[in-house]
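S.K.: what would the 3D arrangement of this be:
(one chain, ligands or ions: 5)
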Amino acid sequence: MSRAADRLKVVLNHLDRSHGAVVSFQRRVYRERPAYTSDTGVLTPEQRIAYEENGFILIRKLVSDQDIDRFRKEFERICKREVKVPGLVVMRDVTIAKSEYVEGEKAVTKLQDYQEDLELFRYCTLPQILKYVECFTGPNIMAMHTMLINKPPDTGKKTSRHPMHQDLHYFPFRPADRIVCSWTAMEKVHRGNGCLVVLPGSHHGTLLEHDYPEWEGGVNKMYHGVRNYDPNHPRVHLEMEKGDTVFFHPLLIHGSGMNQTDGFRKAISCHYASSDCYYIDVKGTTQENISNEVKELAAKKYGVDDTVTFQDTWALRGRLVQGDRASM
Ligand SMILES: CCCC(=O)SCCNC(=O)CCNC(=O)[C@H](O)C(C)(C)COP(=O)(O)OP(=O)(O)OC[C@H]1O[C@@H](n2cnc3c(N)ncnc32)[C@H](O)[C@@H]1OP(=O)(O)O
Ligand SMILES: Nc1ncnc2c1ncn2[C@@H]1O[C@H](COP(=O)(O)OP(=O)(O)OP(=O)(O)O)[C@@H](O)[C@H]1O
Ligand SMILES: O=C(O)CCC(=O)C(=O)O
Ligand SMILES: [Fe+2]
Ligand SMILES: [Mg+2]
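M.R.: Residues are numbered from 1 along each chain as shown. Ligands and ions are numbered 1, 2, ... in the order given. This next block holds a predicted model:
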């Protein structure tokens, strides 16, 4: 047998031994290293190994042009203020927000927390996405964090970049292996318009310290980056066509380069977690800085006091999309 086939056998053995325990991971998570995926007949053995090794997997043409066109239309309606969505955060690029007033979608860098917009939230419930998500989360699935990213042409200050980071920095729930991001290109994304850049295998590491990068031109609110990021780690630029979808682990270090075109590079994403996950207290951890920023913002936005915890802000936004809501 070839070395590759040997390795496949070893990994599959390991995965299958772990499989039965995936659903009840809470009891065993600290006793045994869980596998990153479970066998639901969706991922091929090669795909499971690729995710195990790289921390991401790209599925071509997973979302139809028709669906993406609907998301784009709804995005335009929101930017024109034809619909008002409760809880939605509309984020402008820092250089635009701090200079001239721009109207409509040209001002918007990102929509966050679109869970109350039925048209956009359809993305999070698409059966072909959930079919993959289940391989990572197991059958009880919560949509925890929703975004539509409209990366603007760079203004010359390089603020359209997203610094290299691990999404787990933002999340006060665990275990990390039962969380996955689904990110779908709404048009062709390439190096020129700032596609995702990932450090393959970085999900094997731990959660690193994050802070604002020291960028001369400024940094967008809450765009923390990994401190002491090693620029020599091999990087992969994920060039994708409209509808292509990447699933990635919340410890995978990733970011995106600046948009050097004059178009707005669009992507839609959702972070899913098993509803069997549990909240953690981030006090005294590297996540304390982001948790304080989020609480401050929530206090301003909703006029709530500090009895609303960082965990509460997540429990309020999370939506069950499959199975039963357990501990989330
Ligand atoms: C896995 C997850 C990974 C991530 O989520 S990373 C990205 C996380 N980003 C977020 O969570 C979104 C954060 N942004 C926001 O909440 C809002 O856009 C933000 C910053 C509160 C501004 O919203 P509004 O208050 O509605 O906007 P405004 O125009 O009235 O501005 C108020 C003050 O904020 C400033 N501002 C607006 N957009 C900014 C930006 N992108 N970066 C930095 N500062 C920004 C703006 O200049 C204004 O400041 P000032 O009061 O005039 O001093
Ligand atoms: N000084 C830095 N500190 C942390 N992250 C950075 C830094 N410079 C770039 N990055 C991040 O690295 C990734 C790629 O950056 P960049 O904008 O240089 O694009 P690129 O894909 O390398 O294209 P190019 O080859 O044109 O430079 C992005 O996530 C970006 O935010
Ligand atoms: O679309 C992008 O540029 C990446 C955004 C991202 O990684 C994030 O918001 O967590
Ligand atoms: Fe991210
Ligand atoms: Mg570069």
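
S.K.: just give me the neighbour total for residue 89.
M.R.: 13 (other CB atoms under 10 Å). The way it works is simple: take the backbone N, C-alpha and C, and place the C-beta from them, glycine included.

S.K.: that one pairs with what?
M.R.: Note on residue 89: beta-bridge partners residue 112, judged by DSSP bridges.

S.K.: which residues does it contact?
M.R.: Counting by CB atoms under 8 Å, 6 or more residues apart in numbering, residue 89 makes contact with 110-113.

S.K.: out of these, who's the most crowded?
M.R.: residue 111 (23 neighbours).

S.K.: for it, which non-adjacent residue is closest in space?
M.R.: residue 148 (4.4 Å; CB to CB, 6 or more residues apart in numbering).

S.K.: can you confirm the one you found is in a strand?
M.R.: Yes: checked against DSSP: H, G, I helix; E, B strand; the rest coil, residue 148 lies within a strand.

S.K.: ok, what's across the strand from it?
M.R.: Going by DSSP bridges, residue 148 forms beta bridges with residue 111, residue 268.

S.K.: in this structure it contacts residue 115, no?
M.R.: No: using CB atoms under 8 Å, residue 148 makes no contact with residue 115, being 11.7 Å away.

S.K.: could you pull out the helices for the protein?
M.R.: 3-19, 25-28, 45-54, 65-79, 94-97, 118-125, 127-137, 288-302, 310-317 (DSSP state H).

S.K.: single out the most deeply packed of those.
M.R.: helix 127-137 (a mean of 20; mean count of other CB atoms under 10 Å).

S.K.: how about the CA coordinates for that one, as CSV?
M.R.: Taking Å, rounded to 0.1, in the frame of the first residue of the first chain, the C-alpha atoms of helix 127-137 are listed here in CSV:
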residue,chain,number,x,y,z
PRO,A,127,-30.0,22.9,2.7
GLN,A,128,-26.9,22.4,0.6
ILE,A,129,-24.9,24.6,3.1
LEU,A,130,-26.4,22.9,6.2
LYS,A,131,-25.5,19.5,4.8
TYR,A,132,-21.8,20.5,5.0
VAL,A,133,-22.1,22.4,8.2
GLU,A,134,-23.5,19.3,9.9
CYS,A,135,-20.2,17.5,9.2
PHE,A,136,-18.4,20.0,11.5
THR,A,137,-21.1,20.9,14.1
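
S.K.: what packs against that helix?
M.R.: strand 141-151, strand 179-185, strand 245-248, strand 265-274, strand 319-322 (3 or more CB pairs under 8 Å, 6 or more residues apart in numbering; DSSP states H and E).

S.K.: what sits against residue 144?
M.R.: Under the criterion of CB under 8 Å, 6+ apart, the neighbours of residue 144 are 171, 173, 179, 270-273, 314, 317-318, 328.

S.K.: which one of those residues is nearest residue 123?
M.R.: Distance ranking of the contacts of residue 144 against residue 123, using CB to CB, places residue 270 first at 6.4 Å.

S.K.: what's near enough to touch the residue nearest to the closest one when sequence neighbours are not counted?
M.R.: Nearest non-adjacent residue to residue 270, counting by CB to CB, 6+ apart: residue 124, 4.4 Å away. By CB under 8 Å, 6+ apart, residue 124 lies in contact with 115, 143, 146, 270, 272, 319, 321.

S.K.: what's the farthest-apart pair in the residues you listed?
M.R.: 115 and 272 (12.2 Å).

S.K.: any residues of this structure in contact with ligand 3? List them.
M.R.: For the chain, the contact set with ligand 3 under CB under 6 Å from any ligand atom comprises 147, 149, 151, 162, 167, 196, 254, 256, 267.
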